[in-house]
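**Student:** Any chance you could fold what I've pasted below:
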Amino acid sequence: MPRTSRRFPVSRHYTLGMSYTALARRYRSTGFDDIVGQEPIAKTLQAAIKADRVAHAYLFTGTRGVGKTTMARVFAKALNDTTPEIEQAIMSGQDTDVIEIDGASNNSVDDARELIANSVYRPMKGPYKIYIIDEVHMLSTAAFNALLKTMEEPPEHVKFILCTTESHKLPATIQSRCQRYDFRAIPMPVIADRLGFVVKNEKLKAEPELLSMVARLGNGSMRDALSIMDRLMASGEKKLTVELLEGLMGLAPRELVGTLIDAFADGDPSPALDAAGKLIATGTGPDQVFESLIERLRDLMVLSACGPETTLVELTGDARNDEIERAKGFDAAGIVHMIALCENAQRAAKSSPNPRALMDALIVRLAMSEKLADVTTLVAQLQGAGAGKA
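**Tutor:** Alright, predicted model coming up:
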């Protein structure tokens with residue numbers, strides 16, 4: 001899948017004697033033009049400012065690490081656009097006119113009343129006093145009730161930006177007074193593109209498959225992906241590899257999992273059990289084996305059903321070519337059955353005193369699935385023949 005080039009902001013690196021700043025903070029977007037993964041929302045908010053159609057309250061909702069607070073700061077900066085010093089203060093959460101509140105630790109009715117009391121005072125520098133309330137769903141019922149009156153009839157100089165990962169916990173009365181924007185999970189190629197930029201800017205190198213794997217582990221969250229990359233860079237290695245990631249995160253070695261699946265295609269339980277034993281020897285637990293098999297079999301199922309050009313499999317380079325070739329040894333219907341067997345074994349292993357035995361039994365069954373299918377077909381045919389004679 002082609003990657004699009006993009007200019008990303010970079011804050012200053014730390015120097016000797018200064019504390020380290022996490023990648024997620026140093027590479028945080030600072031303007032609408034460099035927002036990553038939420039471009040439609042950025043364009044809409046930008047257009048609202050240009051058209052002078054800015055509402056008094058906004059609700060940003062979505063899973064963690066997808067840019068809600070960053071978008072709130074960028075929006076606030078655009079509304080109170082003044083000097084570079086003020087813009088920097090807004091983006092660092094230190095501006096006097098843009099007040100950031102953590103709903104989890106400031107959730108009482110007294111906190112809400114203090115906010116309301118201070119809102120009547122006009123901003124000191126910019127045109128608006130903007131309240132960014134993060135994790136707003138954590139406010140108490142009394143705090144919401146206190147806040148409601150101000151949100152119904154706010155002073156003309158006040159704007160509210162509410163951020164939450166659980167919008168269903170907000171009272172309908174609060175939601176109805178906000179313009180709502182749902183932040184989507186950031187696509188894997190977008191995260192991988194961003195990670196590639198970060199690695200290059202940090203003057204390091206990384207295997208292309210490493211970037212894809214970290215992006216997938218981020219599960220739609222840019223912050224989570226950058227946190228993983230932070231841990232990898234802390235190793236001090238100049239080239240970041242898949243092997244380094246597997247060791248750091250305790251992942252099942254990809255090559256061994258591939259060998260195990262190849263043994264399933266060959267229909268021989270002996271090398272399959274041998275490969276599973278090597279996985280366990282690396283420190284991979286049975287549950288991790290189940291997870292890895294389900295993930296890899298899912299990719300093979302999609303490739304088998306949709307063809308090698310499908311965009312539903314988020315693999316690149318040699319890893320994608322290997323899976324395309326591997327998928328030729330299976331059919332989609334058979335893989336569906338294999339995934340179901342893995343899921344059932346995984347569930348049973350959670351309450352079993354001997355999960356290794358269940359894992360080995362699964363491995364043998366998957367390796368002999370075609371033979372077992374042939375036996376089932378033969379029994380059905382014999383039963384049908386007997387019924388015909390009767």
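**Student:** nearest spatial neighbour of Pro269, skipping sequence neighbours?
**Tutor:** Nearest in space to Pro269, with sequence neighbours left out and distances taken as CB to CB, 6 or more residues apart in numbering, is Ala367 at 4.0 Å. The C-beta positions use only the backbone N, C-alpha and C, and glycine is treated the same way.
**Student:** Hmm, that neighbour is touching Ala263, no?
**Tutor:** Yes: counting by CB atoms under 8 Å, Ala263 is a contact partner of Ala367 at 5.9 Å.
**Student:** Which neighbours do the two have in common?
**Tutor:** Here Ala367 and Ala263 share the contacting residues Pro269, Ala272, scored by CB atoms under 8 Å, 6 or more residues apart in numbering.
**Student:** hmm, back to that, for the residue nearest to Pro269, what are its contacts?
**Tutor:** Ala367 touches Ala263, Phe264, Asp266, Gly267, Asp268, Pro269, Ala272, Leu273, counting by CB under 8 Å, 6+ apart.
**Student:** Report the contact partners of Ala252.
**Tutor:** Neighbouring residues of Ala252 by CB under 8 Å, 6+ apart: Glu246, Leu279, Thr282, Thr284, Gln288, Val289, Glu291, Ser292.
**Student:** same question, Ser369
**Tutor:** Phe264, Gly267, Gly334, His337, Met338, Leu341.
**Student:** Throw those into CSV and include neighbour count and distance to Met91, thanks.
**Tutor:** Output for these, formatted as CSV (neighbours: other CB atoms under 10 Å; distance: CB to CB, whole Å):
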residue, neighbour count, distance to Met91
Phe264, 28, 51
Gly267, 14, 59
Gly334, 20, 53
His337, 12, 52
Met338, 22, 49
Leu341, 17, 51
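**Student:** In JSON lines, list these along with secondary structure and pLDDT.
**Tutor:** Listed next are the contacts of Ser369 as JSON lines, based on DSSP: H, G, I helix; E, B strand; the rest coil; pLDDT from 0 to 100:
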{"residue": "Phe264", "secondary structure": "helix", "pLDDT": "92"}
{"residue": "Gly267", "secondary structure": "coil", "pLDDT": "88"}
{"residue": "Gly334", "secondary structure": "helix", "pLDDT": "89"}
{"residue": "His337", "secondary structure": "helix", "pLDDT": "91"}
{"residue": "Met338", "secondary structure": "helix", "pLDDT": "92"}
{"residue": "Leu341", "secondary structure": "helix", "pLDDT": "93"}
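**Student:** Any buried residues in the one helix or strand Ala333 maps to, and which?
**Tutor:** Here Ala333, judged by DSSP states H and E, is contained in helix 332-350. Buried residues in helix 332-350, counting neighbours by 16 or more other CB atoms under 10 Å, are found at Gly334, Ile335, Met338, Ile339, Leu341, Cys342, Ala345, Gln346, Ala349.
**Student:** now swap in stretch 163-171 and tell me
**Tutor:** For stretch 163-171, a neighbour-count test (16+ other CB under 10 Å) marks Cys163, Thr164, Thr165, Ser167, Leu170 as buried.
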